[in-house]
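>>> Here is my input, please return the structure:
(one chain, ligands or ions: 1)
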Amino acid sequence: MAHTQYLKAVKITEKVYWVGAVDWNVRDFHGYKTERGSTYNAYLIMDEKITLIDSVKAPFKNHLMSRIKSLIDPTKIDYIVSNHAEPDHSGCLAEVVAEIKPEKLFASVAGKKALEAHYTFDMEITAVKTGDEISIGKDAIKFIETKMLHWPDSMFSYLVNDKLLFSQDAFGMHLAGSQLFADEYSADILFHESEKYYANILLLYSGKIKQLLEQLPSFNLDIDIICPDHGPVWRRPEDIEKVLSWYSSWCEQTFSNKAIVIYDTMWHSTEAMALAIGDGLRDSGCVTEIINVTARDRSYVATQMLEAGAIVVGSPTLNNNIFPSMADVLTYLRGLRPEKRIGAAFGSLGWSGEAVKQLEEYLQSMKVEIVAEAIRQKYVPTEDDLKKCYDMGMTVGSELLKRLNK
Ligand code: FEO
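Okay, the predicted model is just below:
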């Protein structure tokens, strides 16, 4: 890149520095709407073997190099560890390796394969596995594979004496900011962005996360600092406890008395049904949110689904199908594999009316238990028709509360 950068490293401990990039402008991360931007975090450990942990997305290579240069000549780097091969953390890695010529490049076994499939390196990648430890001088790095969290190659690196966990995507969030540490942001933003990140990226790996959290004590990791690959660094004990407890709760796929109605509408008949269903859900005692998918993006809907126990979906029929906007959102939600939810389907129609059946098929493929008979509304709903919608809301809401109180 032609521009000269004047960007500095940020100190985390006596020997660990953040040398990553802040992407203030990214708004779409392969479908995930990142309205607060993001960061691609990389870290430099200044021990006898100077070690770079992860790199950054390709266009930000000069940010990384500039921050490294604010501390040392990059060619002094001895080791590079790649915790995750996804290109937001490895896009410039081959170029960085060619420039720095480190003594060693470490990745998990699957990471080595993934990196070699993406890039050409002029050196061998050293594969490491769970329990392997390398000395970097006074300190050491221990590796823990975290397969499918969220790629097969993902792994954690733990800096033993500093008690610092490099957690790649885990415990991260898409949040651009000038401040590096979580305690420099509002609690609301941290929760909202962590929740959104979990809902959109990690929900479908909840089982693996549960397993990992259960295994963590057996690795004897005393964690003072968590350095993720996106968003702020967690350094206060109470914050580390907080983010771990969020993950413990989210991975259980527990839900609250929240019910969401997700719909699109052509001439407002399906919308009138959605509103009546929403009133029924509310009057049953549920916290209800009605989401028109043209007003909200799919990552917002996924975030609301994380907490919702009931999902009611509506669409008119367009050319013998559900609305494309609904197909988009439901395909996305299905991929995230929510568990233990209940739901129902509804929609208005003119003549063929396939949409409601298709909505039910989506719910079934998402393993959402259908607890109310679908409502197929011919053209415009009358007051009596809307009463049926209200009753559907009551039925779904009552069933959700019954399950919560079991
Ligand atoms: Fe942030 Fe999975 O890459």
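>>> Domains in this protein, by residue range?
Per automatic domain parsing, the structural domains of the chain span 2-251, 258-404.
>>> of all these, which lies closest to the ligand?
Set against the ligand and scored by C-beta to the nearest ligand atom, those come closest in domain 2-251, at 3.5 Å. (C-beta placed from N, C-alpha, C; glycine too.)
>>> Contact distance from the ligand - what residues of the chain qualify?
Residues of the chain lying near the ligand by C-beta under 6 Å from any ligand atom: His84, Glu86, Asp88, His89, His150, Trp151, Asp169, Asp229, His230.
>>> Tell me where this structure has helices.
Listed in chain order, the helices found in the chain under DSSP state H are 61-69, 87-90, 93-100, 109-118, 187-197, 206-215, 237-250, 269-284, 298-307, 324-335, 355-365, 383-404.
>>> Run through who's touching the third one.
Outside of helix 93-100, the residues within contact range by C-beta atoms under 8 Å, 6 or more residues apart in numbering are 52, 55, 61, 64-65, 74-75, 77, 80, 82, 105, 115, 119-123.
>>> hmm, try it at 10 Å
The set of residues external to helix 93-100 that reach it, using C-beta atoms under 10 Å, 6 or more residues apart in numbering, is 42, 50, 52, 54-56, 58, 61, 64-65, 68, 73-78, 80, 82, 85, 87, 90, 92, 102, 105, 107, 115, 118-123, 125.
>>> swap in the second one?
Under the criterion C-beta under 10 Å, 6+ apart, residues 20-21, 23, 26, 29-30, 38-42, 53-58, 60, 82-84, 93, 96, 107, 111, 114-115, 118-119, 153, 168-169, 229-230 lie in contact with helix 87-90.
>>> same question, the fourth one
The set of residues that contact helix 109-118 without belonging to it, under C-beta under 10 Å, 6+ apart, is 81-87, 90-91, 93-94, 97, 105-108, 121, 124-129, 145, 147-148, 151-155.
>>> Next, report how far that helix is displaced from the centre of its chain.
22 Å (C-alpha atoms, centre = their mean, to the nearest Å).
>>> and what of the longest one?
Computed by C-alpha atoms, centre = their mean, the chain-centroid distance of helix 383-404 equals 32 Å.
>>> Flag every buried residue along that helix.
385-386, 388-390, 392-401, 403 (16 or more other C-beta atoms under 10 Å).
>>> what's the answer for stretch 332-347, then?
Going by 16+ other C-beta under 10 Å, stretch 332-347 has these buried residues: Tyr332, Leu333, Arg334, Leu336, Pro338, Arg341, Ile342, Gly343, Ala344, Ala345, Phe346, Gly347.
>>> export the residues you listed to a markdown table and tack on distance to Lys196?
Shown next, in a markdown table, are the buried residues of stretch 332-347 (distance: C-beta to C-beta, whole Å):
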| residue | distance to Lys196 |
| --- | --- |
| Tyr332 | 13 |
| Leu333 | 14 |
| Arg334 | 18 |
| Leu336 | 12 |
| Pro338 | 15 |
| Arg341 | 18 |
| Ile342 | 23 |
| Gly343 | 22 |
| Ala344 | 26 |
| Ala345 | 26 |
| Phe346 | 27 |
| Gly347 | 28 |
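>>> Among those residues, which are located in strands?
Among the buried residues of stretch 332-347, the ones falling in strands (DSSP state E) are Ile342, Gly343, Ala344, Ala345, Phe346, Gly347.
>>> In a markdown table, list those residues along with pLDDT and distance to Leu164.
Compiled in a markdown table, these are given as follows (pLDDT from 0 to 100; distance: C-beta to C-beta, whole Å):
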| residue | pLDDT | distance to Leu164 |
| --- | --- | --- |
| Ile342 | 98 | 42 |
| Gly343 | 98 | 43 |
| Ala344 | 98 | 48 |
| Ala345 | 98 | 48 |
| Phe346 | 98 | 51 |
| Gly347 | 98 | 52 |
